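> Sharing a model prediction with you, sequence too.
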Amino acid sequence: MTIVAWQRECLFGEVVGGETRLNGYGEIIQEWWQEMPNHFPNVELGAFVSMPNHIHGIIIIHDARRGTVSVPINEPNFDNISSVHYNDETVKQDVNMKRGEMTSPLRSPTLGQVIAYFKYQSTKEMNTLDGTGAITKFWQCNYYERIIRDDREMDNIWSYIESNPCAWDDDNENPL
């Protein structure tokens, strides 16, 4: 996926000698990118690069079997969670619940939900960086996505992402 900065402004750093040098905003982006699997346990991250005015990354969403519930990290009542068998599926249930009540299954997040979380959290923190209290937009409204269908395509996209800073001079997103 690719997310572009608001009005394609170079907000996140610069490319020097084929390497991205992040500024404060770029470091925030890097931190929130790495935070996503902590918020979405079934999300795995692949190659990632922050460019001066856009980011590229691979997000892998592992589907949970229908009817299974993953226990969220830092669940306050973790000791009260047990596995139960229901309709030929094992699910998690709070043992303090009334008999017959089942916890709602956690849904696998959509790519849109994962990206919305990333954009919201990074924007919120970037807006606190200058301390003025002003609300600034940092991201375009949408994002570009591509479904990776096989290992060959994964290798090609992974390589493209990792080599993106070296190609910055010829990048369509480069305003110079």
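Arrived safely. Numbers count the residues shown, from 1 in each chain.

> low pLDDT regions in the chain?
Across the chain, residues meeting the criterion (pLDDT under 70) sit at 64-107.

> Does anything pack onto the longest helix along the chain? Which helices or strands?
When the chain is scanned for its longest helix (criterion: DSSP state H), the result is helix 111-129. Counting contacts by 3 or more CB pairs under 8 Å, 6 or more residues apart in numbering; DSSP states H and E, helix 111-129 is packed against strand 2-4, helix 24-39, strand 54-61. Yep, even glycine has a C-beta here, placed from its N, CA and C like the rest.

> okay, the angle between the last one and helix 111-129?
Orientation check (axes from the mean of the first three to the mean of the last three CA atoms, to 10 degrees): strand 54-61 against helix 111-129 gives 140 degrees.

> what residues does the longest helix of the chain touch?
Residues outside helix 111-129 that contact it (CB atoms under 8 Å, 6 or more residues apart in numbering): 1, 3, 24-25, 28-29, 32-33, 35-36, 39-40, 43, 59, 61, 134-139, 143, 145.

> Can I get the helices and strands packed on helix 111-129 in TSV including mean neighbour count?
Rendered in TSV, the data for those read as follows (neighbours: other CB atoms under 10 Å):
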stretch	mean neighbour count
strand 2-4	18
helix 24-39	17
strand 54-61	18
